[in-house]
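Peer 1: Structure, please.
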Amino acid sequence: MNRFFERVYADFLKEPRFKEYEDIIRLAIEKGYIVTSVIDYYRNYMNKDEKVLILRHDIDVDKKGARIFFEIEKRYNVKASYYFRLTTIDYSLMDDIVKYGSEVGYHYEELATYCKRNKIKSKLSITEKDLENIYNEFVSNLNTYFKSYDIKSIASHGDFYNRHIGVPNHYLFEKYSYEDLGITVETYKKELLESLDAYVSDARLKPFWRDGYSVVDAIKENKKKILFLSHPANWNGFTFENFKENLKRLFESFYMI
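Peer 2: You can find the predicted model right below:
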């Protein structure tokens, strides 16, 4: 029951936390961190002896919150990566991000979407033909919805259905190559993850940090290479976008599992 009330608070009652986000950026700069995007880190800093804070934003739901993140980052002249789902594409925002010098990437979920649509219930039920179809859908979506953007990094979305079937969306690239499509790196690539000294993610419910460990903790501990994964919906107050997404997830949980 406590979990239920925590969720109600997080979805409807909590105040926006964007001032806290701005404080994080300011602290990182004061502590001498380079604050940059995933692709910039991977290309230019991964193998250098530099203090780097990598900003990865997964735009699961809240496009308005993403815009606020972006405006904060511009004030401090720092860069970030923004990963958009097909359901959160905002071409105006994406154009502004690219023009400024930050990164637009694809937050893909074709495997989960395909398995939902075809009522595939487990990893063992995914055939080679299924993977081929999923890959073809990925390529089609990339070329259709991101054709004006030079996508160099992608990030696997974590849908509840991935947890249900026991396989992440990036499982697709255990068989297929994203490099053949001109993509440089997937955010769950082993080489990238192993280069980090801290991987920090926000959370929807209090204390608002996964495992209770915040990016402020990592910065104050002087971790050299920090990846900070954030989701705008976790920093905003109530929005209709968040409410619709919760209704959709509730419906799918009842009728698709």
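Peer 1: quick one: low-confidence parts of this protein?
Peer 2: 1-14, 238-257 (pLDDT under 70).
Peer 1: Tell me which helix or strand Y114 sits in.
Peer 2: helix 110-117 (DSSP states H and E).
Peer 1: buried residues in that helix?
Peer 2: Within helix 110-117, the residues scored as buried using 16 or more other Cβ atoms under 10 Å are 110-116. (Each C-beta comes from the backbone N, C-alpha and C, glycine too.)
Peer 1: what's the offset of it from the middle of its chain?
Peer 2: 18 Å (Cα atoms, centre = their mean, to the nearest Å).
Peer 1: what packs against it?
Peer 2: helix 128-145, helix 160-165 (3 or more Cβ pairs under 8 Å, 6 or more residues apart in numbering; DSSP states H and E).
Peer 1: orientation of the longest one relative to helix 110-117 in degrees?
Peer 2: Helix 128-145 and helix 110-117 meet at an angle of 120 degrees, taking axes from the mean of the first three to the mean of the last three Cα atoms, to 10 degrees as the criterion.
Peer 1: what are the pairing partners of the helix or strand following helix 128-145, and which direction each?
Peer 2: Next helix or strand after helix 128-145 toward the C-terminus (DSSP H and E): strand 153-156. Within its sheet, strand 153-156 is paired with strand 103-108 (parallel), strand 185-186 (parallel), according to DSSP bridges.
Peer 1: in the next helix or strand after the shortest one, what's buried?
Peer 2: Heading C-terminal from strand 185-186, the first helix or strand you meet, by DSSP H and E, is helix 190-194. For helix 190-194, burial by neighbour count (16+ other Cβ under 10 Å) applies to L192.
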